[in-house]
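>>> Can you look at this prediction? I've put the sequence above it.
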Amino acid sequence: MSNHSQYLHRLNRLLIGLTLLFLLAWQLPELNMMKGENIMPLSLHIALETFAIVVAMMVFGITWNTYSPERSANTVILAAGFLLVGLLDFGHMFSFSGMPDFVTPSSPEKAIQFWLSARFSVAAILLLVSLRAWQRPLQASGTRNQLLVGSVLVAFAIYWLILIHPEVWPHTFIEGMGLTPFKIGSEYALILMLTAAGVMFYRQAQHARDAAAAKNAGRLWAACLISVLSELCFVLYSAVSDIFNMLGHVYKVIGYLFIYRAVFIENVREPYVRLGTAQDALSTSQMMLQSILDHVPVRIFWKDTQGRYLGSNKHMATDIGLQDAQQMIGKDDYAFYPVDQAAKFRSDDLEVMLSARPKLNIEEPITLKDGKEGWLLTNKVPLQGLDGEVNGVLGAYTDITPLRNTEMRLEEANRQLRELTVRREEAREEERKRIAQDLHDDLGQMLTSLRMEIGVIRLKYGDVQPELLPSLQSVRTQIDATIQVVRDVASQLRPAVLDMGISSALEWQVAEFKKRSGIPCELVLDEQEMSLEPEQATTIFRIVQESFTNIMRHAQATRVEVRLCRQENLCMLEIKDNGVGFEPGQVRKKTFGVMGMRERALVLGSELEIDSAPGKGTRISVRIKPCYCGREND
């Protein structure tokens, strides 16, 4: 059985008990004998009415002062209505027999007029509320004040009619005879209205979507039925102070209490209950979020505008040397880091908050108070409230110290590799230069001497043995060819023209390329001679040499251009052809020609760029620094 069903059963038991009390007073001879007897003193009537007035005004005060636009319009109707009821009950209390004059002399007739006005107001209010959906709020903002003004005006009109024009009211009580038919009929009309309202509230209680709405409808249903019992008592009494009048007043107070209970629960207690439930849910969500954050490998924190920590996950607390992330709350970076480090963090925070823009992928060194150093990859974003104002900063960082150390080791290894490559290239060039020089000096001299010996033999024995001349000429031709081969090999190993400057070397190389390939080639040089270091000149020469080799083998070009010029403090080398081109991304990693050119450029701290596409030729460019450019003779 649901909670609201159990609550309705408890209400049923209470209502049955109150009904049995009414039946006992009605049917028990001992109690029925008190009908018409004055057993309710004036002080008790004043006490009961005062209590009813206080409850009515509390219904108004609590509901009116706890109103919010999302609340049910029914609570506003009850508030304005019970302000009217409280004012009318006040008139009824001061009109009761035995009370001092209230504008006009007190009398049972006057008291009943105020009573019926108040009771019809209660019945009309409850019937109206029962016909409306409980959760529907007010449609217009001014309706609340209109209801309040309307209640006061209705109260004023009823007071004016009762006190100034009592003759307009039908007689309701005749001393010694009891109630008039009008009074009894009015009570039955009230009973019908309250019963109809009670039935509607009972149906709402049974079909309510939640326990709170069901209980509220149940309380109003109970108030309607208890008010019915009150009106039945006022049908039966024959004296203004007999047992039924007293019992009717008691039932009235109990009915008011149920209405007050419904209003109090709806406007005061239930919001606090919902707030408590929401706070419990929020606490659960916060615990779940904290648990998630604590298991994320990234360090996460958030701060207010003053740089004070509002929270973090446990990984960050551990990094700082704390046992619990709660120990960070309320403290700033100066409590955990050296002053310079904390000032840097604060500067980043202010930049993010003032610009309202994130600052991402910040690689920064960090030093803890214990002297431990490392590297962080940090991201910071502004925290914004519902109003859009920045009220803090959210950050997340990753300790990249191991990665940074690996990068530094890799950079050192690459530096050493470049140095090794430089030394290797220098050694290779020196070896080529030595071999070329040996070929030129030693082998060349030997071949030249041999050629001279052939010439001596020809002069000495040519006339005596003319048949030797063809053989000697053949040997001399072969020696000349060998000398040319030696010269070509020496030039390939180390062209002597390199010692005359890069411009001269490129001019010789372009001439050789055109002679060997038959492809037109244009050389564009800066007006000023490039004064380069020997290793720079050699690198440029070798890159052009390898490019020419690739063009002859693969490009199918009909035109080639080589350009060497100055761009600020850089030397720009560019080799272009109009050949078939290729897709740079599809070049095999083990293509030694391209790999060799890249390696040579890397040795000088430069980078080789290849721009090519199928059918659009190829452009190879290298920027070499530093470049000291001046006249060749400077």
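Looks like it came in fine. Numbers count the residues shown, from 1 in each chain.

>>> what pLDDT, on average, does the strand or helix carrying S130 get?
Using DSSP states H and E, S130 falls within helix 108-131. The average pLDDT within helix 108-131 is 89.

>>> Show me how far that helix is from its chain's centre.
Offset of helix 108-131 from its chain centre (CA atoms, centre = their mean, to the nearest Å): 56 Å.

>>> In terms of secondary structure, what does whichever helix or strand comes after it contact?
Later in the chain than helix 108-131, the nearest helix or strand by DSSP H and E is helix 143-164. Applying 3 or more CB pairs under 8 Å, 6 or more residues apart in numbering; DSSP states H and E, we find helix 143-164 packed against helix 73-95, helix 108-131. All C-beta spots, glycine's among them, are computed from the backbone N, C-alpha and C.

>>> With just CA atoms, put the helix holding S130 into PDB.
Provided in PDB are the C-alpha atoms of helix 108-131 (Å, rounded to 0.1, in the frame of the first residue of the first chain):
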ATOM      1  CA  PRO A 108     -28.100  36.200  17.700                       C
ATOM      2  CA  GLU A 109     -29.500  37.500  14.400                       C
ATOM      3  CA  LYS A 110     -26.500  39.700  13.800                       C
ATOM      4  CA  ALA A 111     -24.000  36.900  14.800                       C
ATOM      5  CA  ILE A 112     -25.800  34.400  12.400                       C
ATOM      6  CA  GLN A 113     -25.600  36.900   9.500                       C
ATOM      7  CA  PHE A 114     -21.800  37.100   9.900                       C
ATOM      8  CA  TRP A 115     -21.700  33.300  10.500                       C
ATOM      9  CA  LEU A 116     -23.600  32.500   7.300                       C
ATOM     10  CA  SER A 117     -21.500  35.000   5.300                       C
ATOM     11  CA  ALA A 118     -18.300  33.400   6.500                       C
ATOM     12  CA  ARG A 119     -19.500  29.800   6.000                       C
ATOM     13  CA  PHE A 120     -20.800  30.500   2.500                       C
ATOM     14  CA  SER A 121     -17.400  32.100   1.800                       C
ATOM     15  CA  VAL A 122     -15.600  29.000   3.000                       C
ATOM     16  CA  ALA A 123     -17.900  26.700   1.000                       C
ATOM     17  CA  ALA A 124     -17.500  28.800  -2.200                       C
ATOM     18  CA  ILE A 125     -13.700  28.900  -1.800                       C
ATOM     19  CA  LEU A 126     -13.400  25.100  -1.300                       C
ATOM     20  CA  LEU A 127     -15.700  24.400  -4.200                       C
ATOM     21  CA  LEU A 128     -13.800  26.700  -6.500                       C
ATOM     22  CA  VAL A 129     -10.500  25.100  -5.500                       C
ATOM     23  CA  SER A 130     -11.800  21.600  -5.900                       C
ATOM     24  CA  LEU A 131     -12.800  22.400  -9.500                       C
END
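
>>> now it and helix 143-164, what's the angle there?
Going by axes from the mean of the first three to the mean of the last three CA atoms, to 10 degrees, helix 108-131 is angled at 160 degrees with respect to helix 143-164.

>>> Okay, domains of the chain per the record?
Following automatic domain parsing, one gets these domains for the chain: 3-277, 296-399, 500-634.

>>> Pick the most deeply packed of those domains.
Highest mean neighbour count among the domains of the chain (mean count of other CB atoms under 10 Å): domain 3-277, with a mean of 18.

>>> where's the residue nearest to V250 when sequence neighbours are not counted relative to V122, distance?
Distances taken as CB to CB, 6 or more residues apart in numbering put L48 closest to V250, at 6.8 Å, once the chain neighbours are dropped. Going from L48 to V122 by CB to CB, to the nearest Å gives 15 Å.

>>> related to what we said a few turns ago, nearest approach to L386 belongs to which of the helices and strands packed on helix 143-164?
Checking the helices and strands packed on helix 143-164 against L386 by CB to CB gives helix 73-95 as the closest, at 26.9 Å.

>>> Show me what the mean pLDDT comes to for the closest one.
Taken as a whole, helix 73-95 carries a mean pLDDT of 88.

>>> So which other helices or strands are in contact with that helix?
Looks like helix 73-95 contacts helix 42-65, helix 108-131, helix 143-164, helix 243-264 (3+ CB pairs under 8 Å, 6+ apart).

>>> Now do the residue sitting furthest away from the middle of the chain against Q473, distance only.
Distance from the C-alpha centroid of the chain peaks at V464, with 109.1 Å (CA atoms, centre = their mean). Computed as CB to CB, the V464 to Q473 distance reads 16 Å.

>>> in this structure, which spans are strands?
Assigned by DSSP state E, the chain shows strands spanning 173-174, 178-179, 299-303, 309-312, 359-367, 373-384, 390-399, 521-525, 530-531, 560-567, 570-577, 608-612, 618-624, 628-629.

>>> mind putting those strands in a markdown table, distance to L20 and mean pLDDT included?
Putting the strands of the chain into a markdown table (distance: least, CB to CB, whole Å; pLDDT from 0 to 100) gives the following:
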| stretch | distance to L20 | mean pLDDT |
| --- | --- | --- |
| strand 173-174 | 28 | 74 |
| strand 178-179 | 24 | 70 |
| strand 299-303 | 64 | 88 |
| strand 309-312 | 61 | 88 |
| strand 359-367 | 77 | 84 |
| strand 373-384 | 64 | 87 |
| strand 390-399 | 63 | 88 |
| strand 521-525 | 119 | 89 |
| strand 530-531 | 119 | 67 |
| strand 560-567 | 109 | 87 |
| strand 570-577 | 109 | 87 |
| strand 608-612 | 103 | 86 |
| strand 618-624 | 107 | 87 |
| strand 628-629 | 118 | 48 |
